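I'll drop the sequence and a predicted model, then ask my questions.
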Amino acid sequence: MSAVGVEIPGYGIVGRAPVTLTLVHAVALLLAVVSLAVVFWHGLEERGVALAFGILIAVGELTRWSGAEEREAAPLAAAGALAYALLGENAGHRTEHGVLEIVAVVVAAALIGCVPHVARGRGPTADHLTRRVLTVAFAAVCFQPLYNQGRLTGWSGPSYALLLVSLLVLTALCDAVLAAAMAHARTRWPFGPLLRDELRATLGIGSAVCATGAVMSLAVAVVGLWALPVFSLPLLLTQLSVRRFAAVRVTYRQTIASLARATEIAGYTPAGHARRVAALSRAVGRELGLSEPDLTILEYAALMHDIGQLSLVDPVPAGATSALSADEQRRIALLGGAVVRQTGVDAEVAVVVERQADPYREQPVTARIVRAVNAYEEMAREAGPGGPLTALEKLRLATARDYQPEVVESLARVLLRGSLTLPQAG
């Protein structure tokens, strides 16, 4: 184990990057270094083409936004890199660049475009650059040798366009598999759900990236490099729209988090309780293989799971609702669900909140997770230094009636990767 993995606020570090992830980074680094060295020694075969696509990729990286939840935060750079990898002609003239030249130009342009982000302390992760290098190399290896050997001479018109689209789809699938595998290696979350989320994201901005890459390659082959700025504009506008949508989602989540803090401000629950339960619930949901939309519902419900306590005349000591009677827990949960519905939050969030006190066999899996994680956090906080182990033992003993065994075991695995760190207040 080497690099740090995912941190759950108040629960330490969850997961560490294994040697396999380091090897993937090393392969990408080696490929980048070799490509740059070869180009430096022999020079560029297509200087004008390399300069044009290098500028496009650098601009795409400059317009990348940080902190977004989208899988591809620099779609223009991705589309430009893929178009360059699948470029065979420039205004009717065959190009002479090879795979190593393509990789070298993409690497150099990406590094230049990342400089301002690094200067502001928001540079790209190693995973981002690794995926960029390996996916571009994959596309170039699939296309350039065949084209340079003349094996695609008979392909023209619709058949050639279909070939480019097919290669881009294959490249997008490989990128999704690579991204899911790297996330699995870093976090140890189930590979299948991670791949499913990556493929779902590919259908969004990923489809626009593939379509733009294909159109750019075909347009440059006919009219030359002047096609690049023309066909970059639609993707830039799409990126702007996606960025605004991401900002709305961030604001929405911040609003929910502010509502959840009402119980803390009023003194009904300890400081940071909702945030810790939400973070740990999301990690358990990942462990169980929930999809991204379900994880969002789970996180929002966990943030607001105690909001029903605002209706109590006398606060529960330390906000520990897991120690109350079943009827009292159900009453608080129903009141919380009613409050959530009045706030205009998604109705699915309200369902999870109001059903967290039901028998677990009648609950949706998201409510089962919130119930178990909330109980764990309360028990661990009360038990002192040995709280995590004591709380887990209590949860396991209550699996016959109160908590789903699979949820408790998933919680245990998440905490084990985090070394069973004691929850922190605030």
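Thanks, I have the structure now. Residues are numbered from 1 along each chain as shown.

What ranges does this structure have for its strands?
4-8, 12-16, 89-90, 93-94 (DSSP state E).

which residues touch the last one?
Strand 93-94 is contacted by residues G88 when judged by Cβ atoms under 8 Å, 6 or more residues apart in numbering. Heads up, the C-betas are built off the backbone N, CA and C, glycines and all.

So for that strand, mean pLDDT?
Averaged over strand 93-94, pLDDT sits at 87.

Work out the gap between that strand and the centre of the chain.
40 Å (Cα atoms, centre = their mean, to the nearest Å).

Go through the protein and flag its longest helix.
As assigned by DSSP state H, the longest helix anywhere in the chain is helix 227-260.

residues in contact with the residue nearest to M216 when sequence neighbours are not counted?
Leaving aside its chain neighbours, M216 sits nearest to A83 (3.7 Å; criterion: Cβ to Cβ, 6 or more residues apart in numbering). By Cβ under 8 Å, 6+ apart, the contact list for A83 reads 53, 212-214, 216-217, 220.

I'd like the distance between A83 and R131.
17 Å (Cβ to Cβ, to the nearest Å).

So which bits of the longest helix of the chain are buried?
227-228, 231-232, 235-236, 238-239, 242-243, 246, 253, 256-257, 259-260 (16 or more other Cβ atoms under 10 Å).

Show me what that helix packs onto, helices and strands only.
helix 47-62, helix 75-85, helix 207-223, helix 273-288, helix 292-303 (3 or more Cβ pairs under 8 Å, 6 or more residues apart in numbering; DSSP states H and E).

What segments of the stretch 51-200 of the chain are helices?
75-85, 99-119, 126-148, 158-187, 191-201 (DSSP state H, counting those that start in this stretch).

If you average the pLDDT over the longest one, what comes out?
Which is helix 158-187. 89.

repeat for the third one
Here helix 126-148 scores 90 as its mean pLDDT.

Quick check: buried residues in that helix?
126-140, 142-144, 147-148.

outside of that helix, which residues touch it?
24-25, 27-28, 31-32, 73, 77-78, 81-82, 84-86, 88, 96-99, 102-103, 106-107, 110, 114, 152, 164, 167-168, 170-171, 174-175, 178-179, 182, 186.

how far is it from where the chain is centred?
On Cα atoms, centre = their mean, the centre of helix 126-148 falls 22 Å from the chain's centre.

Kindly report the same for the last one.
Helix 191-201 sits 10 Å away from the centroid of its parent chain (Cα atoms, centre = their mean).

Do me a favour and average the pLDDT over stretch 34-53.
So the average pLDDT for stretch 34-53 ends up being 91.

next one: stretch 62-78
70.

quick one: low-confidence ranges for the stretch 301-426 of the chain?
313-315, 317-320, 322-323, 383-385, 418-426 (pLDDT under 70).

thought L334 was touching Q356?
No. L334 sits out of contact with Q356 when judged by Cβ atoms under 8 Å, with a separation of 10.2 Å.

okay, those two: which has more neighbours?
Q356 (30 against 16; other Cβ atoms under 10 Å).

Could you verify my assumption that the more buried one touches A367?
Yes. Using Cβ under 8 Å, Q356 makes contact with A367 at a distance of 4.7 Å.

Could you pull out the residues contacting both of the two?
Joint contacts of Q356 and A367 (Cβ under 8 Å, 6+ apart) are A301.

give the contact list for D306.
Contacts of D306 (Cβ under 8 Å, 6+ apart): 260, 263, 268-269, 273-274, 319, 321, 336, 374.

Tell me how far it lies from P270.
D306 is 10 Å from P270, by Cβ to Cβ.

ranking the helices and strands packed on helix 227-260 by burial, who's on top?
For the helices and strands packed on helix 227-260, average neighbour numbers computed from mean count of other Cβ atoms under 10 Å are highest in helix 75-85, which has a mean of 28.

Alpha carbons only: can I get it in PDB?
C-alpha atoms of helix 75-85 as PDB (Å, rounded to 0.1, in the frame of the first residue of the first chain):
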ATOM      1  CA  PRO A  75     -14.100  17.900 -22.500                       C
ATOM      2  CA  LEU A  76     -12.600  20.200 -25.100                       C
ATOM      3  CA  ALA A  77      -9.100  18.900 -24.300                       C
ATOM      4  CA  ALA A  78     -10.400  15.300 -24.500                       C
ATOM      5  CA  ALA A  79     -12.100  15.900 -27.800                       C
ATOM      6  CA  GLY A  80      -9.100  17.600 -29.300                       C
ATOM      7  CA  ALA A  81      -6.700  14.900 -28.200                       C
ATOM      8  CA  LEU A  82      -9.000  12.100 -29.600                       C
ATOM      9  CA  ALA A  83      -9.400  14.000 -32.900                       C
ATOM     10  CA  TYR A  84      -5.600  14.300 -33.200                       C
ATOM     11  CA  ALA A  85      -5.200  10.600 -32.500                       C
END
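
one step back: buried ones among the contacts of helix 126-148?
24-25, 28, 31-32, 73, 77-78, 81-82, 84-86, 88, 97-99, 102-103, 106-107, 110, 114, 164, 167-168, 171, 174-175, 178-179, 182, 186.
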